[in-house]
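Participant: 3D, please:
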Amino acid sequence: MADKPIIFSAPMVQALLDGRKVQTRRTVQNLTFDPISQMWRFGGVNSALLFRSEDQVKSRTDGVVSAKAAAYRKGDRLWCRENWQTHCDMDHITPRDLPHDAAVQYPATYDGWVSRVRPSIHMPRWASRLTLIVTDVRVERLQDISEADAQAEGIIYQPPTEDDLKWYEAYAEEHCFDPVKDPMSGVWIAPGTRQGFAPRPNDPQWGPTASFAFRCLWDSINGPDAWAQNPFVYAITFTVHKSNIDALKAEAA
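Facilitator: Purely as a prediction, here's the structure:
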């Protein structure tokens, strides 16, 4: 069990606060395939952890890998790093020199301060407002994500609006089918993503399923071909605590 920082974008912070996000996926960095031995190595070239198949990689993650080398384990406490601000009269002070009782605001949920936004990577532990306690860790291929897990990643279901339904009624009449027997479905929205093409370039990306929308989210964070590469990932399930990690530990004590 360890305390570790973890970075989230503003839309994902909002999903954590709203209770919509209880899972996250992070690429397994130290798992590689050795074409000479035709085996998977965990931990680098000199690693003693060898796996003959993908199924073996997955099945042993709760044993050898999780116990010795995995980046995340059950019971870990992850303190959330996000973009943050201090008062403008402290803009010249580096994060490490800030007093630990300095007032902090978070652009993900507040935009009233005119001070400069500090990037999440520079957030110190004392400024974090969210703590995630890991309840389960699996290793799997990215594209193996289920619909339920995609929803747990913070993907949003959006039912048709009134304007959508009016358009659909006209479309049904034009194409000679009954919109009652064949109703219009909603869509799954990937928060924080953008379509990037006309006529509505600022609309979030969406899909007919939660897993498709998650694919849009993954590519928006990791690059346009990231989903297609289908890497091994840690699928991390957690509980969200709206408290600084050290304050949470003090309360528990």
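
Participant: buried stuff in stretch 6-19?
Facilitator: 6, 8, 9, 10, 11, 12, 13, 14, 15, 16, 17 (16 or more other C-beta atoms under 10 Å). Every residue, glycine included, has its C-beta placed from N, CA and C.

Participant: any low-confidence regions in the stretch 1-150 of the chain?
Facilitator: Within the stretch 1-150 of the chain, the stretches with pLDDT under 70 are 43-50, 59-69.

Participant: sorry, slip of the keys, the one I care about is the stretch 151-253 of the chain.
Facilitator: Scanning the stretch 151-253 of the chain for pLDDT under 70 picks out 194-203.

Participant: if we go to 50?
Facilitator: Across the stretch 151-253 of the chain, the ranges flagged by pLDDT under 50 are 197-199.

Participant: which residues of it fall in strands?
Facilitator: Ranges of strands in the stretch 151-253 of the chain, per DSSP state E, counting those that start in this stretch, are 156-158, 187-189, 206-207, 232-241.

Participant: out of those, which is closest to residue 83?
Facilitator: Distance to residue 83, taken as C-beta to C-beta, is lowest for strand 232-241 among the strands of the stretch 151-253 of the chain, at 18.3 Å.

Participant: in JSON lines: the buried residues of stretch 6-19, plus distance to residue 131 and secondary structure.
Facilitator: Compiled in JSON lines, the buried residues of stretch 6-19 are given as follows (distance: C-beta to C-beta, whole Å; DSSP: H, G, I helix; E, B strand; the rest coil):
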{"residue": "6", "distance to residue 131": "10", "secondary structure": "strand"}
{"residue": "8", "distance to residue 131": "12", "secondary structure": "coil"}
{"residue": "9", "distance to residue 131": "18", "secondary structure": "coil"}
{"residue": "10", "distance to residue 131": "18", "secondary structure": "helix"}
{"residue": "11", "distance to residue 131": "19", "secondary structure": "helix"}
{"residue": "12", "distance to residue 131": "15", "secondary structure": "helix"}
{"residue": "13", "distance to residue 131": "13", "secondary structure": "helix"}
{"residue": "14", "distance to residue 131": "17", "secondary structure": "helix"}
{"residue": "15", "distance to residue 131": "16", "secondary structure": "helix"}
{"residue": "16", "distance to residue 131": "10", "secondary structure": "helix"}
{"residue": "17", "distance to residue 131": "13", "secondary structure": "helix"}
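
Participant: for the closest residue to residue 210 other than its chain neighbours, helix, strand, or coil?
Facilitator: Leaving aside its sequence neighbours, residue 210 sits nearest to residue 150 (C-beta to C-beta, 6 or more residues apart in numbering; 3.8 Å). Recorded secondary structure, residue 150: helix (DSSP: H, G, I helix; E, B strand; the rest coil).

Participant: residue 150 is in contact with residue 218, isn't it?
Facilitator: No. Residue 150 is not in contact with residue 218 according to C-beta atoms under 8 Å; the separation is 10.1 Å.

Participant: can you map out the helices along this protein?
Facilitator: Listed in chain order, the helices of the chain (DSSP state H) span 10-18, 54-59, 66-68, 147-152, 162-174, 210-222, 226-229, 245-252.

Participant: of those helices, which is nearest residue 140?
Facilitator: Checking the helices of the chain against residue 140 by C-beta to C-beta gives helix 54-59 as the closest, at 5.9 Å.

Participant: hmm, back to that, what's the spacing between the residue nearest to residue 210 and residue 75?
Facilitator: Distance of residue 150 to residue 75, given as C-beta to C-beta, to the nearest Å: 25 Å.

Participant: list the contacts of the residue nearest to residue 210.
Facilitator: With contacts taken as C-beta atoms under 8 Å, 6 or more residues apart in numbering, residue 150 has the following neighbours: 188, 209, 210, 211, 213, 214.
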